[in-house]
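Asks: whatever this is, show me its structure:
(chains A and B)
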Amino acid sequence: MNTHLTVYNSLKREKETFSTIHEGFVGMYVCGPTVYNDVHLGNCRTFVSFDIIYRYLLHLGYKVRYVRNITDVGHLLDDGEDRMLKGAKADQLEPMEVAQKYTLGFHHMMRIFNTLSPSIEPRATGHIPEQIEMVQQILDNGYGYEANGSVYFDTTTFAEKTGEYGKLSGRIIEELQAESRVLKNQDEKRHPSDFAIWMKASSEHIMKWNSPWSVGFPGWHLECSAMSTKYLGKQFDIHGGGNDLKFPHHENEIAQNVGSCGCQPARYWLHTNMLLLNGKKMSKSDGNTISPTELFIGDSNHITRAYSPMVVKFFMLQCHYRSTLDLTDEALQAADKGYRRLMEALKKLKTMKATSDNGSMDAEVDGLLETMYTDMNDDFSTPKALATIFELVTRINTMADAGPEAGMISVTCLDRLKKTLHVMLFEVFGLLDEGEADGQGQAVHGLMHLILELRQAARTNKDWPTSDKIRDGLAALKIQVKDGKDGSNWSFQ
RNA sequence: GGUCUCGUGGCCGAGCGGCUAGGCAGAGGUCUGCAAAACCUCGUACAGCGGUUCGAAUCCGCUCGAGACCUCCA
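Replies: Residues are numbered from 1 along each chain as shown, chains lettered A, B, ... in the order given. All right, here's what the predicted structure looks like:
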């Protein structure tokens, strides 16, 4: 198996061979959601992407510590109001109730998308001492200054001494300093490009903590620096997040890490691209959005019908994580069909038999399985891997049609095909076969088997009216009957 | 205004200098009692205009168009 993994590093703007700091171990930090609101689909795309990256690394045999934070304090809006407080006011709740409510909602959605839980999911409010400590280190190192109880990061000094500011996002410090935007507490900053690492709280502010500088709260960017350092060390392998976090969030995060510890936090920075809705970025704040739930129940004027979670996930997999993905009704319909075709082929594969020791298609199948890994090793290219998998789907259908006596695949190759495909689709991509239900589903399978037997009897007797009545009746129940060479099959439409 | 990304056949979406993915839709065929499913065959697409090269969707320049970031966002 080809295990030469390359990843696109945003920091270098090129693909690099992936190698770890500690042999066999991967430390990965991904910026999680701010829990003041229901998750939307864009968040889901990012976390699904990193889930597949996490799963693939595990599959390659790495021991991965995957840290994804929950932001429950510190995001300031334009008017200086805290996001969490805004959410609290809107729902008439304690800030912690807001955080709890939306954290649970987020976890629920992540389960629906069948993603694995991160190894550690730290909360910003649970790491105030660590953040205070980091502010102190930054001050000690001369990269911060205090003003009226708030502490700011001194980007100018930092840029002069290290030359590190702006590298990730391609910003030029002089241009950032020329920014003339008027923001709250702008007068306390020495330069517009400076940013708060500790904010003094006003009297009405609910979430606040004691610190050497004031009763206040940490800056937004600080939590990630502090928590990644705590759980993954000063230097770790992968840092991920959405493209829209590159600046200022990740740029400032790097500044804080370098400013406090003296080194770049992550070797590889991975950024997922945005999910668009009908050509425009989906965003919580501007209303151009469709929620996962709306998508699943078909309740939105952007779509004509409902799409299941796995269809949506499959739709996401057809596009590379670094490309924008445009969500349209038409594209979802195509994904729906493609996903079903894939699952049907897998079903066929389950019952497929091989008799020969040497299959005429063995080499081709093995070649495609190998290609599938090459695809994934190319910066986790799920679209390429999926294309290769569909090449396999065609082969599977051909072999199933021909039957075992055709000698197309050997026992060992078939076994390999089954296992490898199963691993890639269910363990790495984290797809679920939604047709495979348990409990009631078992009964349905039994009933369908019985019904198809009765229909087969009618067909043997050339009793076409009965045969067609069964088929049409099932079709009305959205069950499609598929007649093949050796008997009939069925699936939900 | 600044920084950056992108523009691929009816739709979505790979492609990173020669071997021209894949899905959906469409056409023809095989199979079938009919239909569906499945399989086989088919589309010579790369925004436009120049340039580099033996050769460009792929590199360079310009034009047009779209999007992202620059301010909270995954």
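Asks: what about the closest residue to RNA strand B within the stretch 301-450 of chain A, helix or strand, and which?
Replies: As assessed by CB to the nearest atom of the strand, RNA strand B sits closest to A:Gly338 within the stretch 301-450 of chain A, at 2.5 Å. Bear in mind the C-beta positions are built from the backbone N, C-alpha and C, glycine included. Using DSSP states H and E, A:Gly338 maps to helix A:329-351.
Asks: chain center to whichever helix or strand comes after that helix, what's the gap?
Replies: Remark: after helix A:329-351, the chain's next helix or strand is helix A:362-377, criterion DSSP H and E. Computed by CA atoms, centre = their mean, to the nearest Å, the chain-centroid distance of helix A:362-377 equals 24 Å.
Asks: please name the nearest non-neighbouring residue to A:Ala147.
Replies: Of all residues not flanking A:Ala147 in the chain, A:Glu188 sits nearest, at 4.1 Å (CB to CB, 6 or more residues apart in numbering).
Asks: tell me who's in contact with that neighbour.
Replies: A:Glu188 makes contacts with A:Ala147, A:Asn148, A:Ser150, A:Tyr152, as judged by CB atoms under 8 Å, 6 or more residues apart in numbering.
Asks: what subset of the residues you listed is buried?
Replies: Applying 16 or more other CB atoms under 10 Å to the contacts of A:Glu188, the neighbour count classes A:Ala147, A:Ser150, A:Tyr152 as buried.
Asks: nearest to RNA strand B among those residues?
Replies: A:Tyr152 (13.2 Å).
Asks: I'd like to know which elements the helix or strand where that closest one lies is packed against.
Replies: According to DSSP H and E, A:Tyr152 maps onto strand A:150-153. On a contact count with 3 or more CB pairs under 8 Å, 6 or more residues apart in numbering; DSSP states H and E, strand A:150-153 meets helix A:128-140, strand A:144-147, strand A:195-200, helix A:251-261.
Asks: do you know which of the ones you listed lies nearest RNA strand B?
Replies: Of the helices and strands packed on strand A:150-153, nearest to RNA strand B by CB to the nearest atom of the strand is strand A:195-200, at 7.5 Å.
Asks: who does the closest one pair up with?
Replies: In the sheet, strand A:195-200 lines up against strand A:150-153 (antiparallel), strand A:216-218 (antiparallel) (DSSP bridges).
Asks: which residues are in contact with that strand?
Replies: A:76, A:132, A:134-135, A:138, A:144, A:148-153, A:155, A:185, A:211, A:213-219, A:221-222, A:248, A:252, A:256.
Asks: ok, the residue of chain A found nearest RNA strand B - contacts?
Replies: Taking CB to the nearest atom of the strand, RNA strand B has its nearest neighbour within chain A at A:Gly242, 1.4 Å off. Residues in contact with A:Gly242, defined by CB under 8 Å, 6+ apart, are A:Cys31, A:Gly42, A:Thr46, A:His271, A:Thr272, A:Met274.
Asks: wait, the fifth one touches A:Cys319, no?
Replies: Looking back up the chat, that one is A:Thr272. No. The criterion here is CB atoms under 8 Å, and A:Thr272 misses it with A:Cys319 at 10.5 Å.
Asks: for the residue of chain A positioned farthest from its centre, give me the backbone phi and psi.
Replies: Distance from the C-alpha centroid of chain A peaks at A:Asn461, with 53.6 Å (CA atoms, centre = their mean). A:Asn461 adopts backbone torsions of phi -90, psi 10, taken as degrees, to the nearest 10.
Asks: gap between it and A:Arg455?
Replies: From A:Asn461 across to A:Arg455, the span is 11 Å (CB to CB, to the nearest Å).
Asks: equivalent analysis for A:Leu222, please.
Replies: 67 Å.
Asks: so those two - more neighbours on which side?
Replies: Neighbour totals were compared for A:Leu222 and A:Arg455, and A:Leu222 leads with 30 against 21 (other CB atoms under 10 Å).
Asks: identify the residues contacting the more buried one.
Replies: Each residue near A:Leu222 by CB under 8 Å, 6+ apart is listed here: A:Gly74, A:Gln131, A:Met134, A:Val135, A:Ile197, A:Trp198, A:Gln256.
Asks: could you do A:Gly42 as well?
Replies: For A:Gly42, the contact set (CB under 8 Å, 6+ apart) comprises A:Gly242, A:Met274, A:Leu275, A:Lys281, A:Met282, A:Ser283, A:Thr289.
Asks: ok, now which ones touch the third one?
Replies: With contacts taken as CB under 8 Å, 6+ apart, A:Leu275 has the following neighbours: A:Leu41, A:Gly42, A:Arg45, A:Lys281, A:Met282, A:Thr324, A:Leu325, A:Leu327.
Asks: for the second one, same thing?
Replies: Neighbouring residues of A:Met274 by CB under 8 Å, 6+ apart: A:Gly42, A:Gly242, A:Asn243, A:Asp244, A:Lys281, A:Met282, A:Thr324, A:Leu325.
Asks: now the phi/psi pair for the last one, please.
Replies: When you say that, I think you mean A:Leu325. Note on A:Leu325: its backbone torsions stand at phi -120, psi 120 [degrees, to the nearest 10].
Asks: re earlier: how about the residue of the stretch 301-450 of chain A closest to RNA strand B, nearest residue that isn't a chain neighbour?
Replies: Closest to A:Gly338 by CB to CB, 6+ apart is A:Phe314, at 6.8 Å.
Asks: ok, that neighbour touching A:Ala335?
Replies: Yes. At 5.3 Å, A:Phe314 counts as touching A:Ala335 under the criterion of CB under 8 Å.
Asks: those two - which one has more neighbours?
Replies: The residue with more neighbours, out of A:Phe314 and A:Ala335, is A:Phe314; 24 against 21, by other CB under 10 Å.
Asks: need the contact list for that one.
Replies: Counting by CB under 8 Å, 6+ apart, A:Phe314 touches A:Ala335, A:Gly338, A:Tyr339, A:Leu342, A:Leu431.
Asks: roughly how far apart are the third one and A:Arg65?
Replies: So that's A:Tyr339. Distance of A:Tyr339 to A:Arg65, given as CB to CB: 32 Å.
Asks: and the stretch 201-350 of chain A, which residues reach RNA strand B?
Replies: When proximity is defined as CB under 7 Å from any atom of the strand, the stretch 201-350 of chain A approaches RNA strand B at A:220, A:241-249, A:272, A:274-276, A:279-285, A:318-320, A:323-326, A:328, A:330-331, A:333-335, A:337-338, A:341, A:344.
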